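A.B. asks: how does the following fold in three dimensions:
(one chain, ligands or ions: 6)
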Amino acid sequence: MAKPLSHILSFLTALILLLSSSISAQSRSNIPVGNSLSAIINGSSWLSPSGDFAFGFHQYLKHTNLFLLAIWYAKIPDTIVWYANEGNPVPQGSSVTITTNEGLILSDPQGSNLWNTSSDLNGNVVSYGFMSDTGNFILTSSSHSKPVWQSFEHPTDTLLPTQLMNIEGTVDSRLSETNFTKGRFQLRLQQDGNAVLNVMDRTIYWPDAQPYFASDTWIPPNQGKQLIYNVSGHMYIVAEDGTILYNFIPDKTIVVSTRDYYQRVTLNFYGVLTWYYHPKKFTQNNGVGWSKMYSTTGNICSVGCGFNSLCSYDDVAQSVGCDCPPNYSLIDPTDKYGSCKPDFQLLEDDGKDGIFVEYNLVPLQNTKFDKCDKRFLGVTEEQCKSSCLGDRFCAVVTWVRDTCCKYKPLFSCGYHDSNVRETAWLKVGNGTYSTVHSPS
Ligand SMILES: *[C@@H]1O[C@H](CO)[C@@H](O)[C@H](O)[C@H]1NC(C)=O
Ligand SMILES: *[C@@H]1O[C@H](CO)[C@@H](O)[C@H](O)[C@H]1NC(C)=O
Ligand SMILES: *[C@@H]1O[C@H](CO)[C@@H](O)[C@H](O)[C@H]1NC(C)=O
Ligand SMILES: *[C@@H]1O[C@H](CO)[C@@H](O)[C@H](O)[C@H]1NC(C)=O
Ligand SMILES: *[C@@H]1O[C@H](CO)[C@@H](O)[C@H](O)[C@H]1NC(C)=O
Ligand SMILES: *[C@@H]1O[C@H](CO)[C@@H](O)[C@H](O)[C@H]1NC(C)=O
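C.D. replies: Numbers count the residues shown, from 1 in each chain. Ligands and ions are numbered 1, 2, ... in the order given. Now for the predicted structure:
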């Protein structure tokens, strides 16, 4: 009895294997050249075999007739992992087509070209498109050949497990939560093998900014050659010979399994590189969202906020906060990461008009500043503070163990944290204007 049963079982197993392999082969649905998608509400998209990822037009914001050509998690609302056209949404009625010579062509409703992949094809021709289960959209020249174009080689603000980045590869933050055009921050694997986080908006923000994070993997003979986000969710820099030179995630951090959790790393619009995870099994209405596993912040508070502002880093939320100091307010009230300006007259107290502004110093507890402009040794706290009150180029002053530091207006890098033991003093106009300069 046992023998025939085991025969039947192995026959059944073979049958199941055969069926499932033919199902997966079938569902590796190569999309032939000539196929297209339209930007319409509830329009169709090209799904990966597992149904985890979708490629197509994602409504830009609810209640708009704008769409982003994008890749997103098909089972999770509103998590876009890649976008075309430099992050610019396109109007309803636009379309994307797979073509032989240009690869993907994004056209407006009148049929004019908005974006295409032709310059990346190096003369290769395209026969098929394919949305893979790793979240990589691939163009190939025959059904089983190597990609001639893939979204993984043109990352936007997010990397996914199995994605690699070669020398000069970049990831750019968005401008804001809802604007996908390039923002202020960039992750780059430099020519010298160093992986760095930089602030890009140099003209407006930090003229001589150093990277606010560096992997320090540039030292010969062990320069970094590649950034790898491996299939188990670890991200590291490897040398030519494959040696791991730098692990982004410290050993003590538990990396959840990529079998049970979706994972991604995104350079947030506020400049923090964050590893996220989301359970694969969940019900739509139990409120699960993305959780943060780890963040690389580097010295984000040296560049994360505008001028005249105070930066804080919230360890629990793993996010950056920017606040104007007392008696200062945002220049652009809608940009809370922007610069602040004093609500009182500063700098104009040079007595030219015979008008002098009286100031007070208000304490900024648990706050320190980088890059002192004028430093004096061996002065008392009182001497230090009154020196600032009498100096029109002093906006903030600190005194730590005999060392007095003055910071000029448009000060940067105010860092506020309960672990900082220092108190800084902010010069604030006290509302009194006089025509006689009171000696300080
Ligand atoms: C799109 O689908 C949603 C959910 O199924 C539905 O509520 C909505 O009415 C649809 N909108 C259009 C324009 O078809
Ligand atoms: C593809 O884009 C390039 C560069 O933007 C443009 O010059 C070319 O005309 C486009 N191709 C088509 C078929 O529109
Ligand atoms: C995103 O910001 C850029 C730069 O300010 C702007 O030109 C563009 O119109 C914005 N995009 C959207 C969809 O608002
Ligand atoms: C991914 O990287 C981690 C850390 O280096 C390593 O322990 C793990 O074995 C790697 N996973 C695979 C599948 O190579
Ligand atoms: C402002 O400071 C001046 C000089 O110290 C002082 O005379 C005046 O009373 C102050 N005004 C207020 C409103 O505190
Ligand atoms: C500074 O802020 C305080 C508290 O908001 C306010 O009472 C005071 O008038 C402000 N001073 C100036 C000079 O704006």
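A.B. asks: how is the chain carved up into domains?
C.D. replies: With domains defined by automatic domain parsing, the chain comprises 1-154, 162-298, 326-434.
A.B. asks: is the longest one anywhere near ligand 4?
C.D. replies: No. Using CB under 6 Å from any ligand atom, no contact is recorded between domain 1-154 and ligand 4, whose separation bottoms out at 13.2 Å. All C-beta atoms are positioned from the backbone trio N, CA, C, and that covers glycine.
A.B. asks: so is that domain next to ligand 2?
C.D. replies: Yes. Residues of domain 1-154 are located near ligand 2 by CB under 6 Å from any ligand atom, namely Glu102, Ile105, Asn113, Asn116, Ser118.
A.B. asks: from Ile105, how far out is the last one?
C.D. replies: Pointing back at Ser118 there. According to CB to CB, to the nearest Å, Ser118 stands 8 Å off from Ile105.
A.B. asks: quick revisit: any of the residues of domain 1-154 next to ligand 2 buried? List them.
C.D. replies: Among those, those classed as buried by 16 or more other CB atoms under 10 Å are Ile105, Asn116, Ser118.
A.B. asks: columns pLDDT on top of those, output as JSON lines?
C.D. replies: Converted to JSON lines, those look like this (pLDDT from 0 to 100):
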{"residue": "Ile105", "pLDDT": "98"}
{"residue": "Asn116", "pLDDT": "98"}
{"residue": "Ser118", "pLDDT": "96"}
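A.B. asks: quick one on the thing from earlier: which of the residues of domain 1-154 next to ligand 2 sits closest to Thr380?
C.D. replies: The shortest gap between Thr380 and any of the residues of domain 1-154 next to ligand 2 belongs to Asn116, at 68.1 Å (CB to CB).
A.B. asks: for the residues of domain 1-154 next to ligand 2, which two are the farthest from each other?
C.D. replies: Greatest spacing in the residues of domain 1-154 next to ligand 2, by CB to CB: Asn113 and Ser118 (9.5 Å).
A.B. asks: pLDDT below threshold where in this protein?
C.D. replies: 1-28, 201-209, 284-287, 346-356, 432-440 (pLDDT under 70).
A.B. asks: of the residues of domain 1-154 next to ligand 2, which belong to helices?
C.D. replies: Using DSSP state H, the subset of those located in helices is empty.
A.B. asks: could you save these as TSV and add columns showing distance to ligand 6?
C.D. replies: Output for the residues of domain 1-154 next to ligand 2, formatted as TSV (distance: CB to the nearest ligand atom, whole Å):
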residue	distance to ligand 6
Glu102	59
Ile105	56
Asn113	54
Asn116	54
Ser118	58
